[in-house]
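**Q** 3D model of this:
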Amino acid sequence: YEGSLEIYTGIELGEYLFSPKNASEVLSLSPLDVVLCSVHGAVWERWGRPYSKIEFFENEVTDAEINEYFIDYFETLIKTADAFDYDVLAHIVCPARYITGRYGRKTELMDYKEAIAEILKTVIRRGASLEMNVAGFQKYTMQSEDIFSLYRDLGGKIVTIGQDTHKPDMIAQDV
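**A** Purely as a prediction, here's the structure:
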């Protein structure tokens, strides 16, 4: 593909707050063109693991606990979005993709509009991009439209499209 394709190096750095020293070391290992900032788990004793590993079944997790989870998730994301230099804030709605998409639990992310607005203002202030994650887009738009409208209303202009493609056979899957 020489001459017809540009390849950039990048990394998704999740859970910066869990170990800032290790995260900084990883970022200093080689020059990167793009750094994605993400959070996959809230800093809360009950949820000390990624949301993709929590079973949000109705008989195991109450609606009140899901609410607590989202509060902690967004608080963690607020702190993370302001903690280090990155280019793209990735998959802000991803926990809802699991909670609603996998477990059928209703989520209303705009119930957390104030926290989401704070995150988006930080992204804008830093000159970073907000990722529109299209993983499973046909199945789970997960209220992204409301968040991107808020982002635009707050002055956000830079959007990156990403898919969470972790394996070659996942490229363009469900798009």
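
**Q** This structure: helices as residue ranges?
**A** Secondary structure of the chain by DSSP state H: the helices cover 20-27, 63-81, 94-99, 113-126, 144-153.

**Q** Would you mind finding the most buried of these?
**A** helix 94-99 (a mean of 23; mean count of other CB atoms under 10 Å). Backbone N, C-alpha and C define where each C-beta goes, glycine included.

**Q** how far out from the middle of the chain is that helix?
**A** Distance of helix 94-99 from the chain centroid (CA atoms, centre = their mean, to the nearest Å) equals 10 Å.

**Q** Check which helices and strands that helix is in contact with.
**A** Here helix 94-99 touches helix 63-81, going by 3 or more CB pairs under 8 Å, 6 or more residues apart in numbering; DSSP states H and E.

**Q** Report the angle between the helix it packs on and helix 113-126.
**A** Angle of helix 63-81 versus helix 113-126, following axes from the mean of the first three to the mean of the last three CA atoms, to 10 degrees, is 10 degrees.

**Q** Put the alpha carbons of helix 63-81 into PDB.
**A** As requested, the backbone C-alpha atoms of helix 63-81 are provided in PDB (Å, rounded to 0.1, in the frame of the first residue of the first chain):
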ATOM      1  CA  ASP A  63     -31.300  -0.400  39.500                       C
ATOM      2  CA  ALA A  64     -29.900   1.700  42.400                       C
ATOM      3  CA  GLU A  65     -26.600  -0.100  42.100                       C
ATOM      4  CA  ILE A  66     -26.500   0.500  38.400                       C
ATOM      5  CA  ASN A  67     -27.100   4.200  39.200                       C
ATOM      6  CA  GLU A  68     -24.200   4.100  41.700                       C
ATOM      7  CA  TYR A  69     -22.100   2.400  39.100                       C
ATOM      8  CA  PHE A  70     -22.700   5.100  36.500                       C
ATOM      9  CA  ILE A  71     -22.100   7.900  39.000                       C
ATOM     10  CA  ASP A  72     -18.700   6.300  39.900                       C
ATOM     11  CA  TYR A  73     -17.900   5.600  36.200                       C
ATOM     12  CA  PHE A  74     -18.600   9.200  35.200                       C
ATOM     13  CA  GLU A  75     -16.600  10.600  38.200                       C
ATOM     14  CA  THR A  76     -13.700   8.400  37.200                       C
ATOM     15  CA  LEU A  77     -14.000   9.600  33.600                       C
ATOM     16  CA  ILE A  78     -14.100  13.200  34.700                       C
ATOM     17  CA  LYS A  79     -10.800  12.800  36.600                       C
ATOM     18  CA  THR A  80      -9.200  10.700  33.900                       C
ATOM     19  CA  ALA A  81     -10.100  13.200  31.100                       C
END
